[in-house]
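**Q** structure for this input, please:
(chains A and B)
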Amino acid sequence: MSLIDLKDLKTYFYTEDGVVQAVDGVTFSINRQQTMGVVGESGSGKSVTALSVMGLVPMPPGKIVEGEILFHRDGGTVDLTKLNPKGKEMRSIRGNEIAMIFQEPMTSLNPVFTIGNQIMEAITLHQNVNKKKARKIAINMLEEVGIPLPEQRVDEYPHQLSGGMRQRAMIAMALSCNPTMLIADEPTTALDVTIQAQILELMADLQEEFDTSIMFITHDLGVIAEITNFVVVMYLGKIVESGEVHEIYHNPTMPYTQGLMESIPSLDVDKGRLQPIKGVVPDPYDVPEGCPFNNRCPHVMDVCKEEDPPLVEVAQGHKSACWLHIDH
Amino acid sequence: MEEDRLLQVSGMKKYFPVRRGVFRRVVGHVKAVDDVDMFIREGETLGLVGESGCGKTTAGRTILRLIEPTAGEILFRSSELGNGSGKIVDIAKADKRELKHLRRDMQIIFQDPYSSLNPRMTVASIVGEPLVVHGIGNKKERNDRVKQLLETVGLTENHMKRYPHEFSGGQRQRIGVARALALDPELIIADEPVSALDVSIQAQVLNQLDDLQDEFGLTYLFIAHDLSVIKHISDRVAVMYLGQIVELTDVDKLFNSPLHPYTEALMSAVPVANPDFESERIILEGDVPSPVDPPSGCYFHPRCPYSEPVCSEKEPELVEVEYDHYVHCHLAEELNLMGLESGASEDD
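**A** Residues are numbered from 1 along each chain as shown, chains lettered A, B, ... in the order given. Below you'll find the model as predicted:
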């Protein structure tokens, strides 16, 4: 049963220098209680996809030009792209049914309010409870995410907490309204590995407890292998490959995914010399015609420069957008 | 200092004063580097790994004396000062004149290629500046040298007149590498040279550093927080925690049979890019303590899963437990710790 379906989503930015097709025809579904990974390098459109779901794309210059985001909630299905991002219905969904945690906990928490205040704001906004009850829920949540001495910590300011503790406070805030879906945008990138291990474990435990679906955005292929069961690979605003995590790691079919896997040093195997992907990610104002990867691909053919390959199934549940696997 | 060593650091300390109040009274010290002993052999890559705030960057900069050390000895075999024969100098005590000569032997590559290049200088003047400072060659010779350096790092002559903003992150890092190579140094300290780059670009820069080492016989001190990168590039590895070296050995020993509990925990925490790789994860409790007020005894004992009473009472020393394997732990010879091979099981 899917919880959210993105259908051919296109989010563009109209800037003075031209149009950036940040998300360019993205289609995927997230099932209930699933952890889905979205992986890609900087500029691949993974964060803009998340912001589109949250209704947080700055407009202007941004605009959702096409597509649907169908959110299947208890009361029926809504298309999030049709809702006014500042309207009552979107506000009742955002933070309540779909919550988000961000990469940098220092910049996404407000430095002039205590963390208790910030968690209580979300609770009093979405739940019909008084301040005293909200404070109790906030303390409970802080305890739930493993913050020691929650009664004391609830009155502290963000700068009094360490990076890992701040990220825990963010998670507490995101989960305080018991959302059905959690979007985590690089939640551990700014953290040290030993703290990252704590946060990943916490997220896995909380997902089990709260039955939340998670969309986990990262550039780290190790984290994806660790926490997700389904993965979507993005490149220049498009999905180039998607499938079950074992399948993608063991049988990548799109040359970009293959290149990524070859280019990272890994702890478990000694790779000898690394095989980097040649060239650089193209300028977003100047995306190549046809397949977006054609100027870096080792297997490039004439058709790649003319037409964009569709995302087709290459094995059960495994989709890939590459002319190598399509008759043409 | 032994024959094969290029650099030997002993008892190196760097304390930064903490000042408070109207009179800026010194109320304490941040012990960023706290009694570090290590050495680098000629032609090898020593990886220096640790989490943020452990003092790895400060250690690197203190070795170059970009930061004045508080105490300690930094011995360096300088071919520049010894007219090619290799005179041993204590960098910590070198005077201004000696230091200028030493700078030709030791160079640094910085982490962030966006802030470490002057936006108002062309690539030619950035890469050529060390030559000007040291008065090497005339204008034409310097120009030729810059051209040659850019070609060495995979850029072309056409790039010389351009400014840093016209380049991508990976290309900027190459400019930084070319600058570091300009004076033909012996030792290059690379401070997180790939952590600001996208993964597909990281591999390009890592391969290049590898090639340059072979070509010019360079010695690297490679500072990074990413264990996978450290394992890939290093011959030997030093693990740092709260200003101290806790373990120092060759890369295979470190990853397969670590002797310090922090190394074990650090390794088990790294997510491996293979969904079938299952390892027993050791989750450390709490955060790294403040370097202003480090714990008593062994600095790691409050988070150490094997901690015993002695650990909070007495500070351990860095001892050579087996050949070329230095460990800073009271229990080093008693514990049976898990390495990558013993801790992992492939269930394909």
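**Q** hey, let's count contacts and neighbours off CA atoms from now on
**A** Noted.
**Q** got the contact list for whichever residue of the stretch 151-300 of chain B sits closest to chain A?
**A** Residue of the stretch 151-300 of chain B nearest chain A, by C-alpha to the nearest C-alpha: residue B:273 (3.8 Å). Residue B:273 is in contact with A:221, A:222, A:223, A:224, A:225, A:226, A:249, A:266, counting by C-alpha atoms under 8 Å, 6 or more residues apart in numbering or on different chains.
**Q** let's see 7 Å
**A** A:221, A:222, A:225, A:266 (C-alpha atoms under 7 Å, 6 or more residues apart in numbering or on different chains).
**Q** could you report the neighbour count for the third one?
**A** The reference is to residue A:225. When neighbours are counted by other C-alpha atoms under 10 Å in any protein chain shown, residue A:225 registers 23.
**Q** then the last one?
**A** Residues near residue A:266, counting by other C-alpha under 10 Å, number 23.
**Q** gap between it and chain B?
**A** Applying C-alpha to the nearest C-alpha, to the nearest Å, the value for residue A:266 to chain B is 5 Å.
**Q** what does the third one give?
**A** Applying C-alpha to the nearest C-alpha, the value for residue A:225 to chain B is 5 Å.
**Q** can I assume that residue sits in a helix?
**A** Yes: according to DSSP: H, G, I helix; E, B strand; the rest coil, residue A:225 belongs to a helix.
**Q** mind listing what residue B:157 touches?
**A** residue B:147.
**Q** swap in residue A:96?
**A** Residue A:96 sits next to A:126, A:177, A:179 when contact means C-alpha under 7 Å, 6+ apart.
**Q** how about the contacts of residue B:273, which pair is most distant?
**A** Maximum pairwise distance among the contacts of residue B:273 (C-alpha to C-alpha): 12.2 Å, between A:225 and A:266.
**Q** mind saving the C-alpha coords of stretch B:323-342 as PDB?
**A** Written as PDB, here are the backbone C-alpha positions of stretch B:323-342 (Å, rounded to 0.1, in the frame of the first residue of the first chain):
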ATOM      1  CA  TYR B 323      56.500  -4.400  16.200                       C
ATOM      2  CA  ASP B 324      55.400  -1.000  14.700                       C
ATOM      3  CA  HIS B 325      52.100  -1.000  16.600                       C
ATOM      4  CA  TYR B 326      51.800   1.800  19.100                       C
ATOM      5  CA  VAL B 327      48.800   1.900  21.400                       C
ATOM      6  CA  HIS B 328      47.700   4.300  24.100                       C
ATOM      7  CA  CYS B 329      45.700   2.000  26.400                       C
ATOM      8  CA  HIS B 330      46.200   0.300  29.700                       C
ATOM      9  CA  LEU B 331      44.400  -2.800  28.600                       C
ATOM     10  CA  ALA B 332      45.900  -3.100  25.100                       C
ATOM     11  CA  GLU B 333      47.400  -6.500  25.700                       C
ATOM     12  CA  GLU B 334      44.300  -7.900  27.500                       C
ATOM     13  CA  LEU B 335      41.500  -7.000  25.200                       C
ATOM     14  CA  ASN B 336      40.400  -9.100  22.200                       C
ATOM     15  CA  LEU B 337      39.000  -6.400  19.900                       C
ATOM     16  CA  MET B 338      37.100  -6.900  16.700                       C
ATOM     17  CA  GLY B 339      38.600  -5.800  13.400                       C
ATOM     18  CA  LEU B 340      37.000  -5.600  10.000                       C
ATOM     19  CA  GLU B 341      37.600  -9.200   9.100                       C
ATOM     20  CA  SER B 342      36.700 -10.800  12.400                       C
END
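**Q** list of residues touching that stretch?
**A** The contact list for stretch B:323-342 (C-alpha under 7 Å, 6+ apart) reads B:246-249, B:255-260, B:264, B:311, B:316-321.
**Q** which of those residues are buried?
**A** For those, a neighbour count by 16 or more other C-alpha atoms under 10 Å in any protein chain shown gives the buried set as B:246-249, B:255-260, B:264, B:311, B:316, B:318-319.
**Q** just those residues: which are in strands?
**A** Using DSSP state E, the members of those that fall in strands are B:246, B:247, B:248, B:249, B:319.
**Q** got TSV for those, with distance to chain A too?
**A** As requested, these are exported to TSV (distance: C-alpha to the nearest C-alpha, whole Å):
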residue	distance to chain A
B:246	16
B:247	17
B:248	18
B:249	17
B:319	25
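**Q** in TSV: those, plus distance to residue B:46.
**A** Below are those laid out as TSV (distance: C-alpha to C-alpha, whole Å):
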residue	distance to residue B:46
B:246	15
B:247	12
B:248	9
B:249	9
B:319	18
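**Q** show me which pair in those residues is furthest apart.
**A** Largest separation among those by C-alpha to C-alpha: B:249 and B:319, giving 11.4 Å.
**Q** what are the ranges of the helices in chain B?
**A** Along chain B, the stretches classed as helices by DSSP state H are B:56-63, B:96-103, B:123-133, B:139-152, B:169-181, B:199-216, B:227-233, B:251-256, B:261-269, B:309-313, B:340-343.
**Q** counting neighbours, what do you get for the residue of the stretch 1-150 of chain B found nearest chain A?
**A** Nearest to chain A in the stretch 1-150 of chain B, going by C-alpha to the nearest C-alpha, is residue B:51, at a distance of 5.8 Å. For residue B:51, the count of nearby residues is 21 (other C-alpha under 10 Å).
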